[in-house]
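Asks: Provided below are the primary sequence and the corresponding predicted coordinates.
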Amino acid sequence: MSLHLCNNVVPLDLQMEILSRLPSKSLARFMTVSKSWQEIISSKSFIRSRSLTHPLRFLLALYDTDYETGRKNCSFFSSSSLLSSSSTSIPTTFLSKVTLPLHETYYPTYYVNGLLNIGEIICNPCTGKTVYLPENIVYRRTGTAERFFGYDPVNNQYKVLCLTPYTEGDTKTNYFQVFTLGAKPKKWRFIDCDIPHITWSNGLCIDGSLYYIASQDKGMCLMRFDLNSEKFDVFARLSKKMDTLFFLDEGSKTLINYHGKVAMAIRPSYSAPSVDLFVFQAGKQDYKAKSFDNIPQLHLPIKGVINHMGDIVFAPIHSRSEVNVIHHDLKGASFEKMKFDVDAKSEWEFRSNYFMGYVESLMLL
């Protein structure tokens, strides 16, 4: 039976049911076979229903250096299940392996809705496909910029926000540019921002908005960029306590998703026995939500929250032959080492990255 005849005979709802059971790599191939299947697979309703039926997982990005070529190999693995306090060993599945220019891996890496932004590269770990961002003349001229990666669920679009700092008189601000993945022509667009500010933190995407810590004339704040309207606003102000903790030279400061809210996890130093979690509310100052005490004295930044109970995960920046994270069970107030079973054929010597809430993307790059 031909594909054309099959599409005419099989009801649409049955086609969607069949396709929803297939792995992402198969779906990516099928999108190039049939126009009708491409329309089904790329539809918002199909993507939404598939994400609801597939459990959130952990994504591991493990980098090792190929000294002969001077490039980095990045291997992607996903956990076959969420972290669970009932098990200290987590099986993983190999997804793909990509080769990246060495300098790209030194930039911050952002994960959003199945895709990764690594420096000037956007990558789909599920398929191993990559695409370079277009040349940015402003960035090339200044040599410095901040890039944040986000997903607009309204229009099903991935966007990169680029902020290139410059000084105008006595005011320090940025050139603001946006790149939309898949848009034609493939280029950066300048956008307006009437709130001069300078970035001070990593970026975080939640529900179609990008958030980051910034400084402006009125002090430190949490900026918000709506990926749909492409408008900026001050979401919240930093309290004096958080302002003081934020500018400590040691320790770690990371924006995380805390039950759908933007939060800043601050550890004053890596020898400090506790982490303070500050949560932001629109139009208000941050407030201290929790303190995690008796933390091991290790170089372990907080990665995020893994369930409705508020359990958190700390993960190393560098690893060797074993891939481990520290799981803090709030209910039992205990710390436990969780080992990922990674199929590594040789001794790993790598920089590692961990992303929570991974879902496979069907985006073709």
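Replies: Ah, there it is.

Asks: rest of the way, CA atoms for contacts and neighbours
Replies: Will do.

Asks: shaky segments in the stretch 251-365 of the chain?
Replies: Scanning the stretch 251-365 of the chain with the threshold set as pLDDT under 70 gives 296-311, 318-322, 328-334, 343-350.

Asks: rerun at 90
Replies: Applying pLDDT under 90 to the stretch 251-365 of the chain picks out residues 251-261, 263-279, 281, 283-365.

Asks: tell me the mean pLDDT over the helix or strand harbouring Lys241?
Replies: Assigned by DSSP states H and E, Lys241 belongs to helix 240-246. Average pLDDT, helix 240-246: 82.

Asks: Would you mind listing the buried residues in that helix?
Replies: Under the neighbour-count criterion of 16 or more other Cα atoms under 10 Å, helix 240-246 has Met242, Leu245, Phe246 buried.

Asks: and if you look at stretch 20-34?
Replies: Within stretch 20-34, the residues that count as buried by 16+ other Cα under 10 Å are Ser20, Ser24, Leu27, Ala28, Met31.

Asks: Then stretch 257-269?
Replies: Asn257, Tyr258, Val262, Ala263, Met264, Ala265, Ile266, Arg267, Pro268, Ser269.

Asks: Give me the secondary structure label for the nearest residue to Asn155 once chain neighbours are set aside.
Replies: Nearest non-adjacent residue to Asn155, counting by Cα to Cα, 6 or more residues apart in numbering: Asn228, 7.4 Å away. Put simply, Asn228 is coil when judged by DSSP: H, G, I helix; E, B strand; the rest coil.

Asks: who's in contact with Asn228?
Replies: By Cα atoms under 8 Å, 6 or more residues apart in numbering, the residues touching Asn228 are Asp152, Val154, Asn155, Gly208.

Asks: So which of those residues are in strands?
Replies: Of the contacts of Asn228, the ones assigned to strands by DSSP state E are Asp152.

Asks: In CSV: the contacts of Asn228, plus neighbour count.
Replies: Shown next, in CSV, are these (neighbours: other Cα atoms under 10 Å):
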residue, neighbour count
Asp152, 20
Val154, 11
Asn155, 11
Gly208, 19
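
Asks: from the contacts of Asn228, which single one is nearest Asn202?
Replies: Nearest to Asn202 among the contacts of Asn228, counting by Cα to Cα, is Gly208 at 16.5 Å.

Asks: tell me the pLDDT at the residue nearest to that closest one when sequence neighbours are not counted?
Replies: Counting by Cα to Cα, 6+ apart, the nearest residue to Gly208 once its immediate chain neighbours are dropped is Asp152, at 4.6 Å. At Asp152, the model reports a pLDDT of 94.
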